[in-house]
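> pasting the sequence and the predicted model now:
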Amino acid sequence: MAAARPRLTDLVKLDERLEAYVDAVRVTAGQADDVAAEGLTEGLAGTVFTAAVVAIERDPAGVLDMLSPEDAWEAARPIVSAIAWTQREPARRAIDLLLQSSVPAGRAMAGAAAGARRLDTGDALVPAMADRSPVVRAHAYRTASSVAWIFGPR
């Protein structure tokens with residue numbers, strides 16, 4: 001987007017182009033994992049985003065397969081964007097699974113993705129707020145504040 005203030009019609013066109021690209025990857029869904037690995041190796045965020053969308057739609061646990069401790073931080077932005085872009089239920093399941101990840105970047109992605117979707121995860125964020133990783137804690141607190149989550153019993 002070259003324009004500083006894009007019009008809604010421009011955003012709709014971009015969204016349609018993005019959907020068409022993701023559809024092309026869906027057709028070859030068996031290769032989505034290879035595409036994601038290639039994107040991580042070459043630092044191609046768009047490729048990782050597309051592969052993550054396909055993985056989340058196919059099986060939200062598939063996003064966990066994309067996380068390796070070495071590449072997780074580099075994949076964070078495109079994976080969070082993919083979770084924010086996909087349908088609500090697969091995104092919610094992906095967030096719940098990432099909150100349980102053994103990789104700190106995965107837990108941080110869960111908090112960031114919940115915030116991007118303005119998704120109230122309820123008490124699921126409480127462990128993230130006490131996580132050993134300051135990045136995980138920061139995303140958890142930011143998400144809690146952005147969805148106006150109130151501490152205490154519901």
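Received, thanks.
> tell me the SS of the nearest residue to Arg142 once chain neighbours are set aside?
Nearest residue to Arg142, sequence neighbours excluded (Cβ to Cβ, 6 or more residues apart in numbering): Gly115, at 5.7 Å. Where C-beta positions appear, they are placed from N, C-alpha and C, glycine not excepted. Here Gly115 is recorded as helix under DSSP: H, G, I helix; E, B strand; the rest coil.
> for Gly115, what are its contacts?
By Cβ atoms under 8 Å, 6 or more residues apart in numbering, Gly115 lies in contact with 139, 142-143, 146-147.
> and if we set it to 7 Å?
139, 142-143, 146 (Cβ atoms under 7 Å, 6 or more residues apart in numbering).
> just the buried ones from the residues you listed?
139, 143 (16 or more other Cβ atoms under 10 Å).
> now the element after the helix or strand of the chain with the lowest mean pLDDT, going C-ward?
Lowest mean confidence among the helices and strands of the chain (mean pLDDT, DSSP states H and E): helix 32-42, at a mean of 64. Remark: after helix 32-42, the chain's next helix or strand is helix 45-58, criterion DSSP states H and E.
> summarise which helices and strands that next one is packed against.
helix 8-27, helix 32-42, helix 62-65, helix 72-85, helix 88-99 (3 or more Cβ pairs under 7 Å, 6 or more residues apart in numbering; DSSP states H and E).
> how about that helix: buried residues?
Quick answer for helix 45-58 (16+ other Cβ under 10 Å): 45, 47-57.
> pretty sure Gly106 contacts Leu98?
Yes - contact criterion Cβ atoms under 7 Å: Gly106 and Leu98 qualify, at 4.7 Å.
> of the two, which one has the most company?
More neighbours surround Leu98 than the other of Gly106 and Leu98, with 27 against 23 (other Cβ atoms under 10 Å).
> can you list the helices and strands packed on helix 45-58 in CSV and add distance to Leu119?
Shown next, in CSV, are those (distance: least, Cβ to Cβ, whole Å):
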stretch, distance to Leu119
helix 8-27, 20
helix 32-42, 23
helix 62-65, 15
helix 72-85, 9
helix 88-99, 7
